[in-house]
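Student: Predicted structure and sequence below. I'll ask about it afterward.
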Amino acid sequence: MNSPILLQPDETFILNVGPQHPATHGVLRVKMEMNGEYIVNAETVIGYIHRMHEKMGELKTYPQFLMNLSRMDYLGALGYSHGHVLLVEKASGIVVPERAEYIRAIMVELNRVASHLFWFGAFVMDLGGFSPLMYALQDREHILDMLESVTGSRLTYCYFRFGGLCNDVDDNFIKAARQFIPRMRKSMKKYHKLVTGNIIFRKRLEGIAPLSKEMCRKYGASSAVARGSGINFDVRKNEPYSVYPEFDFDVPVYHECDSLARYMVRMDEIEQSLRIVEQGLDKLPGGPIMPDKKPKLIKPPVGDYYQAVETARGSFGIRLVSDGGKNPYRLKLRSPTYSNMHLFDEACQGMMIMDALAFMGSLDLVIPEIDR
Amino acid sequence: MICEKIQLTLSSLFPESAPLPPEPESAGDEKDKKAKSPLPPRQDGLMEREYLVHGYHLDAQVSPAQLVTAVTMLDEAEFFIESITGVDWIKDNQLEVVYDFSRYDFDLCRVVIRTRIDRKSPVVPTITNIYPGANWHERETHDFFGIKFAGHPHLIPLLLPEDADFHPLLKDFKA
């Protein structure tokens, strides 16, 4: 017979979650010091899929780097490309035709819905419910088909160009997008009925993992993590860019600060994105999708430039230091989940491990985006 | 509003000098100058920047000794930390650490704090005791540039392998 393992009352043990663990949604590792089922200390270890995008940014010319951005966040790639093209256009003074900017906004919002849908399915799966993922993927498939018909890819888009787009939308896309909006609204009702009201689901999230406003500020959290903690902050509203001021949409803010609040924010955001797509399709102006006058070689003047955009995962910032050459002198990518994940170590102290995993799911992590 | 307030607060760090004149911006001039004689490294001081061009409002270059004071001022004004990064100015034989701050507010104000240090002994004080969220950013900057953050609680490689002894974003880095 094995002798039973007895722990002293204050004795702790180390639990390694990841780097290959389904709850971490990628190669992320958390070293947890446990006292029974309670976390005493946690240390997040990242960098397992670090690819040094910032060095590639320095070694490649501006157009060559376009495709790198979509390899950061594979679920909401277009938002990152948007930040990049806006920055380079701002720095080199390229004027984007209105039609192109509208199409960009429509595409980014559709991509945001797709990203949120995948997060919704995976999050509920973390909590033990499998079928919502299948429903969510079914809806997401429609978006991916639409995006594929225009951009040519389903995940790692390279659709935006400096000055505009590589391909215009056609009637089929507009028809499909118009059909998709009511379908998605109907699905949202289904999701709320299926998941949001579920008592097990609520008990796993309500009041769990409260994040204070102060903590969000000290770590620079954004997206649903900040908005679930009562911070009314969305780059699209606070620091308007592109054609977002033209759209009428709300920023959902919840004050409960718990995991459920973060869930509610993202669910409400899907509806707001649908509103933007709807208005974008109504207002879509005609005209070219690339400017008439565009420099042959992209060479932004000497200087230091910054651009922030609201991606599906939060405030993505990109800094360009140009020395006037055809390569950036320095390109810094500030990824939102990096800051959102960082507060996990402090926030999960004293939490039960199952709550911490639910909390991790509510942060909406995409690991390649943290590691870059 | 906030920008004016924080500008006033930050300007107390630079008592002796008037605000710096804006840098020459036109691309043509820069190119000629670069070809003939390189620009001297930037001096410490506070600058207002054109938001529509640069994407931020205030740009303060401080000495490493003033860094903690400057960051404390931003903390008191409820700024959140956006990111920390470095730039290798190899021609000036200097490294620059760049701190980005912004606010959860509709009164938009983006502030950039920079500090320049010697390339041979790159040490700046840590700000993790003010912003715990600076921890990873500082570790990442240490990974990429070899800049040491004095007082950092856990300055080990974050994104690079745990035995990494190279700093890939230095301009003289050879793979």
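Tutor: Right, received. Where do you want to start?

Student: Same question for A:Asp282, what's its three-state structure.
Tutor: helix (DSSP: H, G, I helix; E, B strand; the rest coil).

Student: Hmm, I typed the wrong one, I wanted A:Met34.
Tutor: Under three-state DSSP, A:Met34 comes out as strand.

Student: Output the below-cut-off pLDDT ranges for chain A.
Tutor: Under the criterion pLDDT under 70, the flagged ranges of chain A are A:1-2, A:5-7, A:23.

Student: Would you map the helices across it?
Tutor: A:53-59, A:77-92, A:98-126, A:131-151, A:171-191, A:199-205, A:213-219, A:223-227, A:235-238, A:259-283, A:336-342, A:344-347, A:353-362, A:367-371 (DSSP state H).

Student: closest to chain B out of the ones you listed?
Tutor: Counting by CB to the nearest CB, chain B lies closest to helix A:213-219 out of the helices of chain A; the figure is 3.4 Å. (Each C-beta comes from the backbone N, C-alpha and C, glycine too.)

Student: Please name the spatially closest residue to A:Ile94 (chain neighbours excluded).
Tutor: A:Gly163 (4.8 Å; CB to CB, 6 or more residues apart in numbering or on different chains).

Student: re the thing from before, the helices of chain A into CSV, with extra columns for distance to chain B and mean neighbour count?
Tutor: Below are the helices of chain A laid out as CSV (distance: least, CB to the nearest CB, whole Å; neighbours: other CB atoms under 10 Å in any protein chain shown):
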stretch, distance to chain B, mean neighbour count
helix A:53-59, 5, 18
helix A:77-92, 7, 25
helix A:98-126, 16, 25
helix A:131-151, 26, 18
helix A:171-191, 28, 15
helix A:199-205, 24, 15
helix A:213-219, 3, 20
helix A:223-227, 7, 28
helix A:235-238, 6, 20
helix A:259-283, 15, 21
helix A:336-342, 5, 27
helix A:344-347, 7, 19
helix A:353-362, 16, 22
helix A:367-371, 6, 24
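
Student: Show me the one of the ones you listed that comes nearest B:Ile127.
Tutor: B:Ile127 lies closest to helix A:213-219 among the helices of chain A, at 10.8 Å (CB to CB).

Student: ok, the residue nearest to A:Ile94 to A:Asn327 distance?
Tutor: 19 Å (CB to CB, to the nearest Å).

Student: Between those two, which is the more surrounded one?
Tutor: Each of A:Gly163 and A:Asn327 has its neighbours counted (other CB atoms under 10 Å in any protein chain shown); A:Gly163 has more, 23 against 16.

Student: ok, now which ones touch the more buried one?
Tutor: Residues in contact with A:Gly163 (CB atoms under 8 Å, 6 or more residues apart in numbering or on different chains) are A:89, A:94-96, A:100, A:290-291, A:294.

Student: Filter the residues you listed down to just the buried residues.
Tutor: Taking 16 or more other CB atoms under 10 Å in any protein chain shown as the criterion, what is buried in the contacts of A:Gly163 is A:89, A:94, A:96, A:100, A:290.

Student: Cross-check the contact I'm expecting between the third one and A:Pro291.
Tutor: Yes - A:Val96 is within contact range of A:Pro291, at 6.7 Å (criterion: CB atoms under 8 Å).

Student: Overlap in contacts, the two.
Tutor: Common neighbours of A:Val96 and A:Pro291 (CB under 8 Å, 6+ apart) are A:163-164.

Student: Break down chain B into its helices, ranges please.
Tutor: B:2-11, B:27-36, B:51-54, B:67-76, B:134-145.

Student: mean pLDDT for those: which is lowest?
Tutor: Lowest mean pLDDT within the helices of chain B: helix B:27-36, a mean of 45.

Student: which one of the helices of chain B is the most hemmed in?
Tutor: When these are scored by mean count of other CB atoms under 10 Å in any protein chain shown, the highest mean neighbour count falls to helix B:134-145 (a mean of 24).

Student: picking up where we left off before, would you list the helices of chain B in JSON lines and tack on distance to A:Cys216?
Tutor: Compiled in JSON lines, these are given as follows (distance: least, CB to CB, whole Å):
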{"stretch": "helix B:2-11", "distance to A:Cys216": "18"}
{"stretch": "helix B:27-36", "distance to A:Cys216": "40"}
{"stretch": "helix B:51-54", "distance to A:Cys216": "24"}
{"stretch": "helix B:67-76", "distance to A:Cys216": "14"}
{"stretch": "helix B:134-145", "distance to A:Cys216": "15"}
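
Student: mind checking which of these is nearest A:Gly228?
Tutor: Across the helices of chain B, closest to A:Gly228 is helix B:134-145 (CB to CB), at 21.4 Å.

Student: about what we covered before: for the contacts of A:Gly163, which one is nearest chain B?
Tutor: A:Glu89 (11.7 Å).

Student: these two touch, right, the closest one and A:Phe162?
Tutor: Yes - applying CB under 8 Å as the test, A:Glu89 and A:Phe162 come out as touching, 5.9 Å apart.

Student: Which pLDDT value belongs to the closest residue to B:Met1 other than its chain neighbours?
Tutor: Of all residues not flanking B:Met1 in the chain, B:Asp107 sits nearest, at 5.5 Å (CB to CB, 6+ apart). pLDDT recorded at B:Asp107 is 84.

Student: pretty sure B:Asp107 contacts B:Ile6?
Tutor: No - counting by CB under 8 Å, B:Asp107 does not reach B:Ile6; the two are 10.8 Å apart.

Student: mind checking how far the residue nearest to the spatial centre of chain B is from chain A?
Tutor: When CA atoms, centre = their mean is applied to chain B, the residue found nearest the centroid is B:Val98 (2.0 Å). Per CB to the nearest CB, to the nearest Å, B:Val98 is found 7 Å from chain A.

Student: and that residue, what are its bridge partners?
Tutor: Note on B:Val98: beta-bridge partners by DSSP bridges are B:Thr85, B:Arg114.

Student: Which residues lie in contact with it in this structure?
Tutor: B:Val98 neighbours (CB under 8 Å, 6+ apart): A:319, A:332, B:84-87, B:112-114.

Student: Next: A:Asn111.
Tutor: By CB under 8 Å, 6+ apart, the contact set of A:Asn111 is A:76-79, A:143, A:147, A:157, A:312.

Student: change it to 10 Å
Tutor: Neighbouring residues of A:Asn111 by CB atoms under 10 Å, 6 or more residues apart in numbering or on different chains: A:70, A:73, A:75-82, A:143-144, A:147, A:151, A:155, A:157, A:159, A:273, A:311-312.
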